[in-house]
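Peer 1: give me coordinates for this.
(2 chains)
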Amino acid sequence: MAACWTDRIDAFSRSPSRFLSGTTAEVFLAELLRELRDDRAGYSVLVLLLSPLCEHPTVLCPSDFVGEETALELMSVFTQCPPKFLEFRRHLLLALTSVLICTSCVSNRSRASQDFLDLLLEIGQDVSDIHGDGAFRYLRATACDCLREMEACSPGILSQRLELLGSLRQRETSRLHQAYAGLHTLVLRNTVYQLTQERGACAEHLKALLEGNTSVAWEADQDSGMVDNTDSAVLSSLILGPMGTVPTLQTGPDCKELRSVLSSLLEESYLLTPLCQAALLHRLTEVVAMVPGVPPAVFRAELLRLLGTSEVCLLHSILLMKCAFTDSLFSAEDEAFILKRLVVLSQHPLLSTPEKLFYMDCILHFPENRPISCDDGDETLPVLLTPRLASALVPTVFNDSTTMLARLNLLCLVYLEEGEEGEGEEGRGVGYLYEHLRSLLHIVENRGSREIVVTFFRAAFLFLFYLCHLERFSNSLTEKLCELYLHHTQLAPHLINLANQTQDRLPDPKWAVGLLEALQKVITEVPLAQLTLQNLCWHLKTLARVAEEGEIPQHRTLHFLSSIITPSSSSLCVSGDWRLGNSVLGVCRRLLVHPSLDSLLIPLADILQHLACRYGDTDVQDHARLYYTLLTTLSKEKLAGVLAKEAFEGGGQVKKRSLSCIVTESEGLTSTLTIHHTEKEIFKLVEVDPESGGETQTNQERDLNPSEMKTFPDQANTAVTAYRAQFNNPDFASELTLTYQLTHAGACDSRFDQLFSIRLHFNLTDDHYEKLSDISVPCLFREKPSPVLKLRLRPRRPYPTTLRASVIFTTQDGLSWHSNLPDIHVSFQQAFITVPVPTVWGRGSKLHLFEGLWDEICSENIEEKKLADCATSLFCCQLKEAALAALVEKHFLPFLISELCNKEEFKVLFFLPPQSHVLLKISSEEDAVHFNIATDNWQLLSHLSSYLLTITCAQEDARS
Amino acid sequence: MSVRALWIISHEKGEQSSIKFSRRFSTVEHRAKSLGGSSYVAVPEDNKVLQLLLTELGLSDSDKSYVALRDDCLYRQRSPALELRVDGQEKRVLWPVLAMLQGPLILACLPLVDAPPEPRPPLANLLSVSQGLTLLAGLHTFLLGSGSKPDNEGLASRLAMLPSVLLQVCPLGTPLDVPLLGTSATHTVHTPAGIQKQPAWKTGLHRGRAVVNVSVMETVRSMQYGNRSRQDLWDVYGTVTCKCEVEGVLPNVTVTLTLPPNGSPLQDILVHPCVTSLDSSILTASSVDNCDGSAFSGPYKFPFSPPLEPFRLCSYTSQVPVPPILGSYQLKEEENQLRVSVTLKLHESVKNSFEYCEAHLPFFNRDQIGVADVKVSSGQLDISKEKNLLVWALGQKFPKSREVTMEGKISFCGPTPGPTDPLCTDLTAYIKLYFRVLDMTLSGCCVDQHSVQVYSSAKPRIVTSRELQSKEYFIWNSTGTAPVSSGQMML
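Peer 2: Numbers count the residues shown, from 1 in each chain, chains lettered A, B, ... in the order given. Just a heads-up that it's a prediction; the model follows:
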């Protein structure tokens, strides 16, 4: 049993998606919860069972509602669990925290989350263990961790408890004070942040909160709850360098209470582990940055101890402090000292490589007291970093790759500046770096490992990136690279990659072209006798890349090609190696689109003809013949057009095959390469009835199970909240799917009986919808069933629209055609979809939702913004009861919320993506049938009105 | 200031890498989602992460010489933070992934970016990065011990302990501490309820006789070229390790380091976080600075309150005027053999009493050693023909002259080629020295027993020790091209 669970949980953790393909989240969750109540399995297994809930709560609880239910279950397990199973209880608290936070129950302040918060606070305050064995203390520590996480994810949730948390921290003398200190500091930080966002908040409010005088404090904020959750700024660190702005709370110079809290926290900071100490210092830095009334000097007492630290996170917190307070806390000497310290640490023999790399990164983003540029994110050198200081970081071949590259990068920047400033000294430092590059190259030449090879090319790129303008070095590097290549042709992909990247990223792409031209030169000068099949393939790969450069003359390449395929000078082509032949063709293909093609025409044609007639491989012959035909038949522009497309698609086997097909009937080449247009209507799209019945059926199934009614939202407001929460995901229910059949249209034309590779393209006629993507249909045969297409529309506004459609397809004889389709009209009612409630909801929950939405739209006191779009209306018409029932059944059945048999009042809810609702209450009154309408988008009313008019008239007509 | 996920991957030569442990912190992920907004990239499933990570670390497809995704010259250039290109696109990037590759394990974590995602914030702005590094280093030490020697059974049992270890040190993705070695996760020692708060880094209280153990260990590195155009280099760094068994919640201990009268000042001093205060003069001397004759040269006082377990109180570097052993190495190619000539001189200031002292002379990129006719003036020579290596064991003492020599001829005519090395081609060759001397330091730095002060009722027993060892101590053949120069050349 236990082993089975171990394996299952393991499988789930490794890949939740694969695991759930064999079951459903719902079933798995139910199993887990059932198993958790069964303590026969032993508590170590029970701990294991909690891990999916801790790690993937949203997979198991897809909605807030399920999250809430799961949390209630877990809390009941917690209360029933004997206290001695401490570790399990601690894991239970973690699982509860994860479920409640991730399903947004905490941010929505659901009941379960309030209960849980109370439970945690209760545990946190329970000091009955003070004389016990201390084991219970660990439960308290976990409760504090959970509270801190809840505050971190829903900032402000504990603001009203600030005083309580402070006193708990003060009281605790065991190691646990660390957990309280972390919690207290975070709540303090969030509270101050919140006050900075409140208009009119002042020192008095802060004081009241710090003293726990919540009855007086900050009444206004009680209503607005916490800081708006959609604003992620509160979650973000406030210390963001010169460009960041910190919100401030004006308190005046006298905020004794805050100062005393700060000094007490700082005094005890020494007692915390370095990780917690760093976090605490960071949070307090933020607090002091937000309250100008407190001088940064409060940190001074801790500085010296921290500046000498060997702990990376503590020194980092000093850097963040420096970033926040600059010269109001750190003098120019301090600044120089810290920078020197960073240089020392960047190469300290006792530190790990990642730490050293981190310090080097900190040098490049050094928080200067007076930064010259405010360029956030870019690497810049601090003014104080002199070449002399930086010389401690020069790269050597004994460095590991990443360290070496990081040092090279830094030193390049240093010497770049040096070069700009003092012309005389220029080049000395760069000369050293270049020597270093050559040492690396030397190792590569001596068959260095793959890692060294890659590192060398990365180093070369860095060197060129910064120092390419120093031609003395960059030209020499070109030369060395060519020598290297000649001896190690297998490095061709690296060289091509270097050429590509330097061309893309360097301010002046000239160097890459120079390198390629030099490579062309050395390759074409290799004595033919020295060529082997192996290195010839690499040469051709390189030449193919060279041929992509319009600026490089290609006569050398052509001469080389013609000499290697001529049997008199080389035996390579007699063998008829397919790969070699293709490599030659690869070069030829690029030459076909080379801008200087006119001057290459005759030799290129000769080569192609030679290949077509003499090469020992039929496939290569075929290709060569095709290219020859293309070259001699097509104009230069057309040739470029045909071949350029190929090049863009990345060059693959597929195209070669299709071109081979074309070759077989080369007479029809021009027509094959042209797209023909026909005015005839070949296709049309026929709408398929979307009501396949699936949706309504599930509703009926739900209704069969009355017990479910209990477990799903049972109040209008909770239903609306749970429903709304789904829209936090911007992709949720944002699409309409319209289903069409693609069929032949118009008179029978046997040419078009069998069609292939059909690609439909849609154009919008207005901006109510997002652009549509193309749809591909593999084939359409007249006598076979028509393929079904799903058109996915993403409305911006769910209004009727018209779509233009065109199509490109291939006929059986291989010709390509273009044609237009009749316009597609999307009617208003096609935008209706059933309201996207969680699949587990029954009719009862939907009814609550309907009522909730209705009340919301009709109520007076909803927010202004929403109110502006809400509207209610009434539509009346004359219909008999039977006709009304028929109308409802015919048009509204999928959208019907009330029971069909309940004929007194039909409730209908249309959802229109992305976020509009139309609610109808339809009842027969004495004089007429009343359609009471409520909508949260008044602009839909006119469309709705004409829609209702149409269907009711049609119903009347049908009757008469 | 949290991490979104954590992975522990086994990576041994010749075996397929696999994820041994992973943990996702869902609530941190929840925060990452709201912070990231539209640029949020979810953490892929484990197998995908493994594959991306190996690619990024250059460890995937080891049979292929060039893989564009792995070997592009643009990638992975400088920072400790990796980018995992989910979907292979440049847009969807998981960043900043921290990875620590040591021994048979890769440890990786993904810190939370608690800053606006665009433009990408510098690492220096993200406290979670340094915290992630600390967490990884702590886990690494916990799993493999500081020696990073693979011990499969121990590793497996420690991996099994990780869930309860993480419950202590990183329950919800926010690292609180690093795992303690040797102590069980629920180490409890009764602590009296007193006024003094117990440090969170102190797992319990010591009872019994007070013992303070302080040891100074210095390491010397060197690069000697025997060439006028290249300056020989050497450096010394030291660590002071303490083990304090002292009663009390927050006992005070002070250790004082002293230098001999003309000793050069200790530089780059780094201290353990348990040090309570520091004099600013202690921190001023720096190896990247001008050496100032008037610099503070001790005594160096370190007041602290010790944790229970042994810890590194401080570390320093020192610039000593001469290397302890000065060597000269000359090779000459003669027909089919190599003439070898070596001299090693022990400096007079160094105690002539080694725990061990060995010189290793490897020969690369040649056939196996056929005949080696080599004589040494002192010590024993062991020739390993398979490894093309001469091991010269100098024993515990240099002769009275403090100088030893090796002369001889080696021919490389074995049936099979010997080991290769891309660095040591032609006459580029080195001697590597391994030695250890007890009861001495090069800098002269020492801890006097009487200078250790413990403010407690019982009189403590105090033990001090010191030693010197070599590391990366190279003597290059002066007739070949030495492969390196170093930064100090530029000074």
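
Peer 1: which residue packs closest to residue B:374, ignoring adjacent ones?
Peer 2: Once flanking residues are discounted, residue B:374 sits nearest to residue B:408: 3.0 Å by C-beta to C-beta, 6 or more residues apart in numbering or on different chains. The way it works is simple: take the backbone N, C-alpha and C, and place the C-beta from them, glycine included.

Peer 1: over to residue B:135?
Peer 2: Closest to residue B:135 by C-beta to C-beta, 6+ apart is residue B:175, at 4.3 Å.

Peer 1: swap in residue B:469?
Peer 2: residue B:436 (4.5 Å).

Peer 1: thinking again about what came up before, thought the residue nearest to residue B:135 was touching residue B:136?
Peer 2: No - in this structure, residue B:175 is not within contact of residue B:136 by C-beta atoms under 8 Å, at 9.5 Å.

Peer 1: next one: residue B:197 from residue A:267, what distance?
Peer 2: Here residue B:197 is placed at a distance of 10 Å from residue A:267 (C-beta to C-beta, to the nearest Å).

Peer 1: residues from the stretch 501-650 of chain A in reach of chain B?
Peer 2: Residues of the stretch 501-650 of chain A lying close to chain B by C-beta under 8 Å from any C-beta of the partner chain are A:501, A:505.

Peer 1: that older thread, how many neighbouring residues does the residue nearest to residue B:469 have?
Peer 2: Neighbour count of residue B:436, defined by other C-beta atoms under 10 Å in any protein chain shown: 13.

Peer 1: likewise the one 3 residues further on?
Peer 2: Here the neighbour count serves as a burial measure; for residue B:439 (other C-beta under 10 Å) it reads 11.

Peer 1: residues touching it, list them.
Peer 2: Residues counted as contacts of residue B:439 (C-beta atoms under 8 Å, 6 or more residues apart in numbering or on different chains) are B:351, B:465-467.

Peer 1: that older thread, who has more neighbours, residue B:197 and residue A:267?
Peer 2: Neighbours of residue B:197 and residue A:267, each counted by other C-beta under 10 Å, are more numerous for residue B:197; the result is 20 against 11.

Peer 1: phi, psi for the residue nearest to residue A:356 when sequence neighbours are not counted please.
Peer 2: Leaving aside its chain neighbours, residue A:356 sits nearest to residue A:346 (5.3 Å; criterion: C-beta to C-beta, 6+ apart). Main-chain torsions, residue A:346, degrees, to the nearest 10: phi -70, psi -10.

Peer 1: is it true that residue A:346 touches residue A:393?
Peer 2: Yes - between residue A:346 and residue A:393 there is a contact at 5.9 Å, judged by C-beta under 8 Å.

Peer 1: re earlier: more neighbours: residue B:175 and residue B:136, which one.
Peer 2: Using other C-beta under 10 Å, the more surrounded residue of residue B:175 and residue B:136 is residue B:175, with 30 against 25.

Peer 1: measure the more buried one to residue B:220 for me?
Peer 2: 35 Å.

Peer 1: next one: residue A:917
Peer 2: 78 Å.

Peer 1: need the phi and psi values for residue A:67.
Peer 2: Phi and psi for residue A:67, reported as degrees, to the nearest 10, are phi -60, psi -50.

Peer 1: so it touches residue A:103, yeah?
Peer 2: Yes - Residue A:67 is in contact with residue A:103 according to C-beta under 8 Å; the separation is 2.7 Å.

Peer 1: for residue B:442, what are its contacts?
Peer 2: B:218, B:220, B:236, B:318, B:320, B:324, B:350, B:468.

Peer 1: ditto for residue A:728
Peer 2: Taking C-beta under 8 Å, 6+ apart as the definition, contacts of residue A:728 comprise residue A:104.

Peer 1: tell me how far it lies from residue B:33.
Peer 2: 10 Å.

Peer 1: could you do residue B:368 as well?
Peer 2: To residue B:33, residue B:368 is 61 Å away according to C-beta to C-beta.

Peer 1: do the same with residue A:454
Peer 2: Distance, residue A:454 to residue B:33, by C-beta to C-beta: 35 Å.

Peer 1: between those two, which one's more packed in?
Peer 2: Shown here are residue A:454 and residue B:33; by other C-beta under 10 Å, residue A:454 has more neighbours (25 against 17).
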